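J.: need coordinates for the below:
(2 chains)
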There are 2 protein chains.
Amino acid sequence: MSVTLYGYWRSLAAYRVRVALNLKGIDYEEISINLAAGEQFGEAYAALNPQHVLPILNHDGRDITQSMAILEYIEDTWSMPQLLPVTAYEKAQVRALALVTIADTHPLIVPRVRNFLHKEWNLDESAQTQWAQHWFTVGNEAIERILVKAGRAQTYSFGNEVSLADIALASHAIGAGLFKVDMNKTPVFAEVFKNCMLLPAFANAHPLKQEGAPRNA
Amino acid sequence: MSVTLYGYWRSLAAYRVRVALNLKGIDYEEISINLAAGEQFGEAYAALNPQHVLPILNHDGRDITQSMAILEYIEDTWSMPQLLPVTAYEKAQVRALALVTIADTHPLIVPRVRNFLHKEWNLDESAQTQWAQHWFTVGNEAIERILVKAGRAQTYSFGNEVSLADIALASHAIGAGLFKVDMNKTPVFAEVFKNCMLLPAFANAHPLKQEGAPRNA
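T.: Below is the predicted model:
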């Protein structure tokens, strides 16, 4: 069996895949695609993923794109430990919480969006930071309210077993941290995140621990 | 059994859920939440969905949010006709294509984002239209390249059976149409969309056929 992740140290989507692979105990190799240098638009990468985005999971020669689809694939392929609950309703709760960040937050703050703000509207780095902080804050507040309403958060967001939702929430919290958004205003979320980061599967996948990351960030 | 959709005529995410319910032959009632009037921020709706976004599917008294999670729930709960293939790899292909628009396009053009552009940066309607057209175009081009590379498009995006990917692609094409993005530049995608719209499940769910839609749009 061969598993290769095309990722980048800073990519929150690649982070999610790394955590899932770690939780399932799957050995993998990571190939870094330098997003900052635009390598995702190069011919070699475009031949693998014509959407020009990270990550790709290659499993035994077949490529899978989109972090949420990859997480589901990992769950479908390697059953233990389970990262989705058993019933359709509970699965939906976990998926919906994950999508608050995978669909409704993260796509807003990726490089191609910030490039548009800069190139088309001449918005400088401080405006781009305002933008990212705004959407991470909106996401934080939504996640906190959802966790409080569901009333299921214990060690993790849906009880004492890690789920796909925790992987997504951890990626969100790491992004919020990189943009200096205050997690203390969302204490239930902050506690879940803290507990996730106590697990080596989450901690070792951290963007700042990957090759290529700045040493002093 | 009772199924209620909280939607809005113009919501592309509500459209996706309507199509899936129609394909499965599920009777449902729709309650309109007026996004244009900000009803999603009102207390009554916030008590149902603390993220303040549409849609919600209520099935026998339990609420499910996020269109992708709802589509998966519908598939998990009502098995026929199948909207996901059987193998993990093929499921991942369908999900990944759906997420090109559900995650990477649609969240960029929803009202809350256009409101931010207007309120924070004073960007007028023509700039907001430029923004929406840009992301629908980027999405169109990515979808076209993915369909061509996969080489599976026949009547629909993955052969002759409708899948969740087609539901997502149809919502994207409808959004692109509302913003006057030219579908002729993406002929494989345009053909799949045309074939989808020949099905009553897709056609009857169209935003402009819902209550509250403008008559002359």
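J.: so residue A:117 is in which element?
T.: Assigned by DSSP states H and E, residue A:117 belongs to helix A:111-121.
J.: gap between the lowest-mean-pLDDT helix or strand in chain A and the chain center?
T.: Within chain A, no helix or strand scores below helix A:43-48, which has a mean of 92 by mean pLDDT, DSSP states H and E. A distance of 22 Å separates the centroid of the chain from that of helix A:43-48, by Cα atoms, centre = their mean, to the nearest Å.
J.: and stretch A:195-204, by the same measure?
T.: Centre-to-centre, stretch A:195-204 and its host chain are 14 Å apart (Cα atoms, centre = their mean).
J.: that one: which residues count as buried?
T.: The neighbour-count check on stretch A:195-204 (16 or more other Cβ atoms under 10 Å in any protein chain shown) flags A:195-196, A:199, A:201-202 as buried. In short, each C-beta sits where N, CA and C put it, glycine included.
J.: which of those fall in strands?
T.: Judged by DSSP state E, the buried residues of stretch A:195-204 include no members of strands.
J.: nearest to residue B:14 among those?
T.: Nearest to residue B:14 among the buried residues of stretch A:195-204: residue A:196, at 32.5 Å, using Cβ to Cβ.
J.: so that closest one sits against residue A:169, correct?
T.: Yes. Contact criterion Cβ atoms under 8 Å: residue A:196 and residue A:169 qualify, at 7.3 Å.
J.: could you give the bridge partners of residue A:31?
T.: For residue A:31, the beta-bridge partners under DSSP bridges are residue A:6.
J.: which residues sit in contact with it?
T.: A:4-7 (Cβ atoms under 8 Å, 6 or more residues apart in numbering or on different chains).
J.: rebuild the residues you listed as CSV, extending it with neighbour count.
T.: Compiled in CSV, the contacts of residue A:31 are given as follows (neighbours: other Cβ atoms under 10 Å in any protein chain shown):
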residue, neighbour count
A:4, 16
A:5, 21
A:6, 24
A:7, 26
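J.: run a quick neighbour tally on the residue nearest to residue A:200 when sequence neighbours are not counted.
T.: Excluding its sequence neighbours, the residue lying closest to residue A:200 (Cβ to Cβ, 6 or more residues apart in numbering or on different chains) is residue A:22, at 7.2 Å. Around residue A:22 there are 18 other residues, counting by other Cβ atoms under 10 Å in any protein chain shown.
J.: got a list of what residue A:22 touches?
T.: Going by Cβ under 8 Å, 6+ apart, residue A:22 touches A:200-202, A:204-205.
J.: that's a helix at it, yeah?
T.: Yes. According to DSSP: H, G, I helix; E, B strand; the rest coil, residue A:22 belongs to a helix.
J.: now whichever helix in chain A runs longest: mean pLDDT?
T.: If you go by DSSP state H, chain A has its longest helix at helix A:125-150. Helix A:125-150 comes out with an average pLDDT of 97.
J.: buried set for the following helix or strand past it?
T.: Following helix A:125-150 in sequence order, the next helix or strand is helix A:164-178 (DSSP H and E). By neighbour count on 16+ other Cβ under 10 Å, the buried set for helix A:164-178 is A:164-178.
J.: near chain B at all, helix A:164-178?
T.: No. In terms of Cβ under 8 Å from any Cβ of the partner chain, no part of helix A:164-178 sits within range of chain B; the closest distance is 10.5 Å.
J.: buried residues in the longest helix of chain A, which are they?
T.: Applying 16+ other Cβ under 10 Å to helix A:125-150 flags A:127-128, A:131-147, A:150 as buried.
J.: again with stretch A:58-71
T.: Quick answer for stretch A:58-71 (16+ other Cβ under 10 Å): A:58-59, A:63-71.
J.: pick out the most distant pair among these.
T.: A:58 and A:68 (17.3 Å).
J.: got any ranges where chain A has weak pLDDT?
T.: Applying pLDDT under 70 to chain A flags the ranges A:216-217.
J.: break it down into its domains, please.
T.: Per the record, chain A has its domains at A:3-80, A:88-203, by automatic domain parsing.
J.: gap between the residue nearest to residue A:200 and chain B?
T.: Residue A:22 is 19 Å from chain B, where distance means Cβ to the nearest Cβ, to the nearest Å.
J.: next up, the contacts around residue A:56.
T.: Here residue A:56 is in contact with A:5-6, A:48-49, A:63-65 (Cβ under 8 Å, 6+ apart).
J.: now with 6 Å?
T.: Neighbouring residues of residue A:56 by Cβ atoms under 6 Å, 6 or more residues apart in numbering or on different chains: A:6, A:48-49, A:63, A:65.
J.: what's next to stretch A:125-137, contact-wise?
T.: Contacting residues not belonging to stretch A:125-137 are listed as A:105, A:108-109, A:114, A:117, A:176, A:179, A:181 [Cβ under 6 Å, 6+ apart].
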